[in-house]
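Trainee: Turn this into a model:
(one chain, ligands or ions: 2)
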Amino acid sequence: MQTVEIMEQTFDSESNDIALYLAMSRKAEEEGHHEIASYLLNVAVDEAQHAAAFAALLGKIKDTRTNLVNMLANEVKAEKDKWKASKIASTEGNEEASQFFEKSMQDERKHKDGLRRVLSKLGKGLKQQ
Ligand SMILES: [Fe+2]
Ligand SMILES: [Fe+2]
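Mentor: Ligands and ions are numbered 1, 2, ... in the order given. Below you'll find the model as predicted:
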């Protein structure tokens, strides 16, 4: 297998692990296992560092303006996708999923608005590249 292909798979699996460790950390906290929760949170951060390093090695990280523009497009799509998913889940009677899709849609909207604000500040404050 080509190294780049392995790095892409590793990036995906590290990214997946971040979410799993975070969710498991929350669960351990709920169950009152505070030390285990804290340990799992640290592992999640390690996995995030691994994923970030592979993202950079794979050329996914550009100059800041390009990064912001790319992620803005991502957030615009995420907001739309979450809205559609919320409707589908509701139609299928999965209210819990529908509500969380809606809540995360609002977060994606905040991310979108925040990225727009940062991009506009970058346009005023710094030399464009
Ligand atoms: Fe890892
Ligand atoms: Fe987001």
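Trainee: Now do the phi/psi pair for residue 53.
Mentor: Here is the backbone geometry of residue 53 (degrees, to the nearest 10): phi -60, psi -40.
Trainee: same thing with the one 10 residues further on?
Mentor: Listed backbone geometry of residue 63 is phi -70, psi 160, with angles given as degrees, to the nearest 10.
Trainee: Against residue 69, how distant is it?
Mentor: 10 Å (CB to CB, to the nearest Å). Placement of C-beta: from N, CA and C, glycine included.
Trainee: Settle it for me: which of these two has more neighbours?
Mentor: Legend: neighbour count by other CB atoms under 10 Å for residue 63 and residue 69, higher for residue 69 (14 against 9).
Trainee: so the more buried one is in which element?
Mentor: Per DSSP states H and E, residue 69 falls inside helix 64-91.
Trainee: For that helix, buried residues please.
Mentor: With burial defined by 16 or more other CB atoms under 10 Å, the residues of helix 64-91 counted as buried are 68, 71-72, 75-76, 78-79, 82, 85-86, 89.
Trainee: next SSE after it?
Mentor: Going down the chain from helix 64-91, the next helix or strand is helix 95-125, by DSSP H and E.
Trainee: by contact count, what packs against that following helix?
Mentor: Packed against helix 95-125, as judged by 3 or more CB pairs under 8 Å, 6 or more residues apart in numbering; DSSP states H and E, are the following elements: helix 64-91.
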